[in-house]
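Trainee: Below are the sequence and a predicted model; questions follow.
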Amino acid sequence: MIDHTTAEKLLHRYFDGETSLAEETELRAYFRAGGVRADLAALDPMFGYWEEQREIKAPATLKPIARQRRPPVRWLMATAAAVLLLLTANGWLQRPPDITEFQIAEKKEIDWSQYEVTDPEEAYRILRGALKTASTEMNRGTRITVRELGEMGRVLK
Amino acid sequence: MKYLLFLILFSTSTLFAQKLPQDAISGYFSEYVDDQDFTVVYVSGKIFSLFKDANLDLDELDEGEVEAILEVVKDIQGIRVLHTERNAMARWKEAKKRIPTDKYELLFKVRTAEGDNVEAFIQDEAAVISELFLLIGAADNFAMISFVGTVDLTKLSQLQRALELD
């Protein structure tokens, strides 16, 4: 058991952060023992703190904390998602008819045979004419596009 | 859940029960066929098999040209043409609105300075064109041409040159 002078020296070293663990144990023992010198008494609570805490004993049995009743979030979310899916599927499957359908007069089967061309040469002429139109216009569209793209290229450079 | 499954099964089965695609004129312009203002022409695909079998007298026709034409419309099932000179522009505007864009894809659109319009649509499934539909609108001419059959667009483009060589 250290004496007052040693305790004082150790205290100085303690506050300088130079004490070893063994020296700190000695200091604690000194303060625990009581009869501390009057001028060192102010430091008693500092070294005595852990001793006091050690005295506190936990109760033998812990009373269980009443758990708050939480709403069953997961179950609710799953149900909501299922309902939403059903409604969406129902709405999608029962799509309202396209607006264009209303503009067309009542569809009836057309008997194309009454308009049929039976002469092969005339048929060929019609085919040739129709394809010539299609081909010419298609190429015209392509030529214009290519020309415009060329113009655009020059502008962007 | 069972209800949903049943709904899905039912709707997919009705999808498969759909009719085969018909031509645009029959589908969306059927009332024009009865309209006296229109000239209506139909050419069945069967007639072209005569050309292929060379059963016709082709002396007056350029053989190269015939071949080029038949190359474009292999397996053609039919050509339908509707044409009028009355109220051409009004009918053109009306007709354009009726083409369903979910079934028909716009192939090209041309508008000249003179105000002549040509729009072409294709109906295709799995990249094979089953119909080429042309809509022509000018001041004094409104026409709809529908080619139903397998249409080769590359050959169609080259056809112009072949037809202008005569």
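Mentor: Received it, and whenever you're ready, just let me know what you need. Everything quoted here is computed from the prediction, not taken from an experiment.
Trainee: Spell out the secondary structure type for the most centrally placed residue in chain B.
Mentor: Centroid check for chain B by CA atoms, centre = their mean gives B:Ser146 as the closest residue, at 2.3 Å. Put simply, B:Ser146 is strand when judged by DSSP: H, G, I helix; E, B strand; the rest coil.
Trainee: tell me the contacts of it?
Mentor: If you count contacts by CB atoms under 8 Å, 6 or more residues apart in numbering or on different chains, B:Ser146 has them with B:23-25, B:78-81, B:131-134. Every C-beta, even on glycine, is put in place using the N, C-alpha and C of the backbone.
Trainee: switch the cut-off to 6 Å
Mentor: B:23-25, B:80, B:133 (CB atoms under 6 Å, 6 or more residues apart in numbering or on different chains).
Trainee: Could you do B:Leu132 as well?
Mentor: By CB under 6 Å, 6+ apart, the residues touching B:Leu132 are B:122, B:147, B:151.
Trainee: how far away is the first one from chain A?
Mentor: Per CB to the nearest CB, to the nearest Å, B:Ile122 is found 11 Å from chain A.
Trainee: Please verify my assumption that that residue contacts B:Ile129.
Mentor: Yes. Here B:Ile122 reaches B:Ile129: they are 5.0 Å apart, a contact under CB atoms under 6 Å.
Trainee: returning to what we had before: among the contacts of B:Leu132, which one has the most neighbours?
Mentor: Within the contacts of B:Leu132, B:Phe147 tops the neighbour count with 29 neighbours, counted by other CB atoms under 10 Å in any protein chain shown.
Trainee: So what pairs up with it in the strands?
Mentor: Bridge pairing for B:Phe147 (DSSP bridges) gives the partners B:Ile79, B:Leu132.
Trainee: Quick check: which ranges of chain B have low pLDDT?
Mentor: Chain B contains residues with pLDDT under 70 at B:6-21, B:51-61, B:127, B:165-166.
Trainee: Try it again at 90.
Mentor: B:1-35, B:43-79, B:96-105, B:107-116, B:123-130, B:132, B:139, B:147-166 (pLDDT under 90).
Trainee: the helices in it, which residues?
Mentor: Remark: helices assigned in chain B by DSSP state H are B:2-16, B:24-28, B:30-34, B:46-52, B:63-72, B:88-98, B:153-164.
Trainee: Please name whichever of those helices is nearest to B:Tyr104.
Mentor: The closest approach between B:Tyr104 and any of the helices of chain B, judged by CB to CB, belongs to helix B:24-28 at 6.8 Å.
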